[in-house]
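Peer 1: the following block contains a protein sequence and its predicted model.
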Amino acid sequence: MDKPSSQRINQYWTDIYYHLHYRHTEQISHQAIRLLQHLDFQGKATVGELADFLSVGHNTASEHIKRLIEKGWLKKLRSAEDERRVFVEITASGKGVLQYNTQLNEEKLATILARLTEEEAATIGYALSILSREAQACSQF
């Protein structure tokens, strides 16, 4: 893809998120969002794996995780196979906070889609499904 096309897509993405995001009510850091997203996609991870994911030390990751556990957004569980291994997992409350801080406002989005023709709405859905599929394939590398 040529650079101007990627820049246009990035600008569209930024515009869409700016106008359609939920109003944020929680005080949440970018690192916390990244941890919640990673755990939402991966299911569970050890503190060491999360430290690697964030590119921070074990102690720093532990502090982030501790704060999110205190808020009820994460929980720790011991491995059934090896009780020395401890995993971190996102809670239902954490999933709600993540959704509210990363997804588009469903009501605003539904209003927009209702104003479009069926063909326009289908085209948008199809284009985003392709972009999602390719983004997932890209993260495999």
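Peer 2: Here it is on my side, so go on.

Peer 1: what's the domain layout of this protein?
Peer 2: 1-21+104-141, 27-103 (automatic domain parsing).

Peer 1: and those, which is most packed in?
Peer 2: Highest mean neighbour count of the domains of the chain: domain 27-103, a mean of 15 (counted as mean count of other Cβ atoms under 10 Å). Glycine gets a C-beta too; all of them are placed from N, C-alpha and C.

Peer 1: now do that domain, average pLDDT.
Peer 2: Regarding domain 27-103, the rounded mean pLDDT is 94.

Peer 1: show the end-to-end separation of it, please.
Peer 2: From the first residue to the last, domain 27-103 extends over 16 Å; the measure is Cα to Cα, to the nearest Å.

Peer 1: how much distance is there from it to the middle of the chain?
Peer 2: 12 Å (Cα atoms, centre = their mean, to the nearest Å).
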